[in-house]
Each structure stands twice: as C-alpha cells, then as structure tokens.
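**Student:** Give me the fold of what follows.
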Amino acid sequence: MDEDSERLNRVFAALADPTRRDLVARLAGADATVGELAEPYDMSLQAVSKHVKVLEEAGLVTRSKDAQRRPVHLDAEVFDLMTKWIERYRKQAEERYRRLDALLGRMTGDKAQPRKDAS
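**Tutor:** Residues are numbered from 1 along each chain as shown. This next block holds a predicted model:
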C-alpha cells in the first residue's frame, strides 16, 4: 500500500466519527483551542483532546503554540488528496453511466442522449 493510500485510510477512519467531522467543520471557520472546541459538547476536555489527537494523527489538524494558547489548525492540504481520490472514482462512474446510456439507447432503438457531466 502506498503512502497516499495509507494516509487516506487514516483520514477516512478519523472522519468516520461524527464528533470529529463536527470538529473539522468548526475548524474550517477558525482555529480554536481544545477548550474552545470542547465547549458545545457534553463530554470531558480529555475526550475532546483524544478526538483532536486522532485528527492530528490522520494529518487533518496541527497544533501550534501561541503564547499561552495552543490553537488547533485545520490542514487543508489533506482535502486535496481526498478530492483527487473522490474525483477519480466519480469520473469512472460517470463514464460507466455514459456507456450504459448508450447501450440502453441502442437496445431501445433511441439515440442515446449523453449524460451531462455533473462538474
């Protein structure tokens, strides 16, 4: 398994949890400390910190030191990797649908109308 595949496995596994997906969504808006991230949840600071650690190990977030604060930052680079992976399979699926449309058109005697690309 190559490095990108392993990284994608970690990212998708991390995002399988709804709390972690929510943390990512909130960090898309602004950096925050673990304490700030924990505020809306009915869980301990330690539990939220564990979620952040999983996101960090997957490469979705980084932490830095800013005086007394340790803000968590969303790493947008990993989303490029995810987007490329998803786009590759979306294109393959679209091509299969185009071929199926053409086949069905030939079977029914109609001129196949090509599927309009979603992008």
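
**Student:** Now the longest helix along the chain: buried residues?
**Tutor:** For the chain, the longest helix by residue count, based on DSSP state H, is helix 77-108. Neighbour counts over helix 77-108 (16 or more other C-beta atoms under 10 Å) mark residue 78 as buried. Just so you know, the C-beta spots here come from the backbone N, C-alpha and C atoms, and that holds for glycine as well.

**Student:** Begin at 10 from now on, thanks
**Tutor:** Got it, the first residue is 10 from now on, which makes the last one we talked about helix 86-117.

**Student:** residues near residue 44, how many?
**Tutor:** Using other C-beta atoms under 10 Å, residue 44 is surrounded by 12 other residues.

**Student:** quick one: average confidence on the longest helix of the chain?
**Tutor:** Mean pLDDT, helix 86-117: 87.

**Student:** Stretch 36-55 now?
**Tutor:** Across stretch 36-55, pLDDT averages out at 94.

**Student:** which SS state does the nearest residue in space to residue 43 that is not next to it in sequence fall under?
**Tutor:** The shortest distance from residue 43 to any non-neighbouring residue, by C-beta to C-beta, 6 or more residues apart in numbering, is to residue 58 (5.1 Å). Following DSSP: H, G, I helix; E, B strand; the rest coil, the label given to residue 58 is helix.

**Student:** Having no further points to raise, I will conclude here.
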